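> just a sequence and a predicted model for now, questions to come.
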Amino acid sequence: MSNPVTRTRWHDNDVPYSQRFGDFYYSRADGRAETAHVFIDGNRLRQRWPAMKSCIIGELGFGTGLNFLETVRQWRELAPPEARLEFVSFERHPLAAADMARALARWPQLAEEAARLAGLWRDEPPALNATFAPDIRLTVHFGDANAIVPGLNLTADAWYLDGFAPAKNPELWGGDLMRAVFAATRPGGTFATYTAAGWVRRYLQAAGFEVTKQPGFARKRQMMVGAKAA
C-alpha cells in the first residue's frame, strides 16, 4: 500500500487536503459541525437512537475518522443503556496515524476518543477490527469498496456516503457500488451524503433508494438523503 503521508497537504489552520483527489477531507467551515448536519442529522440518528438496541452504520470513506468520532460522541449522549454501535467503513487510501491525529486536534471535545483511535489505528490490509469501547465496534476495510462491499454480509441501519467529491473520485459513487450499498441496507434504513450531484442521485434512485434533497452545510446549497422502503 502506498504511503499517504506524501499526498497530504495542510491548509487553513491544519485542514488536511488530499493531493491525490484535489479535495479537502472535511469542510473548512467546521468539519465536526458538517458531520452532525450531513450524516447524523441527515440519517435522523438523533431521533432514532433512543429507541434502538443496536445500530450498524456503514461508511464510504473513513478519511480522518472524524465522522466516526463525532458519531461516538453523540451516540453516548443518546443511546439507551446496553445498546451497541457497530461502525463499518471502507478506505482505499488510509491516512497515517500522525496525520489523523493532526487533523483531529482542532476539536478538544474529541481528544480522548481521538487518542484511543490513534492507539488502535493500523492501516494494513485487509481490515482493522477493533473493540473501540465495550459497546462500540469499529471495522475499517482497506481497499476498493467496489470489490469489498458486495461480498460482505452487512445490513446497515444507516450509511454515510462520504467519498471525495464525485467529480474527482467517481469510482466511489458509481452505479454498481450504489446497488451494493442498497443491498447492504436493511428495510427502512437510510443514507445521507453531502453531495447533490445529479448523476449520483440517479444512481441512488436506480439502486432503489427514495431520494430527497435538503439544505446542505455551510456553502453547499443542497445535499441528499434517502431511505430504503420498509
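Happy to help now that I have it.
> next secondary structure after the strand or helix carrying Ala130?
Secondary structure from DSSP states H and E places Ala130 in strand 127-133. Remark: after strand 127-133, the chain's next helix or strand is strand 136-142, criterion DSSP H and E.
> what pLDDT does the residue sitting furthest away from the middle of the chain get?
Distance from the C-alpha centroid of the chain peaks at Pro81, with 24.4 Å (C-alpha atoms, centre = their mean). In this model, Pro81 is scored at 92, pLDDT.
> pull out the buried positions in the worst-scoring helix or strand of the chain on mean pLDDT.
Lowest by mean pLDDT, DSSP states H and E among the helices and strands of the chain is strand 8-11, with a mean of 80. Buried residues in strand 8-11, counted by 16 or more other C-beta atoms under 10 Å: Thr8. For every residue, glycine as well, the C-beta is placed using N, CA and C.
> list the strands paired with it, with their directions.
strand 15-18 (antiparallel) (DSSP bridges).
> list of residues touching the following helix or strand past the strand it pairs with?
Past strand 15-18, further along toward the C-terminus, the next helix or strand under DSSP H and E is strand 23-24. Taking contacts as C-beta atoms under 8 Å, 6 or more residues apart in numbering, the residues outside strand 23-24 that touch it are 11, 15-18, 164-165, 168-169.
> in JSON lines: the residues you listed, plus distance to Asp30.
Formatted as JSON lines, the contacts of strand 23-24 follow (distance: C-beta to C-beta, whole Å):
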{"residue": "His11", "distance to Asp30": "15"}
{"residue": "Val15", "distance to Asp30": "10"}
{"residue": "Pro16", "distance to Asp30": "14"}
{"residue": "Tyr17", "distance to Asp30": "16"}
{"residue": "Ser18", "distance to Asp30": "19"}
{"residue": "Phe164", "distance to Asp30": "19"}
{"residue": "Ala165", "distance to Asp30": "18"}
{"residue": "Lys168", "distance to Asp30": "22"}
{"residue": "Asn169", "distance to Asp30": "22"}
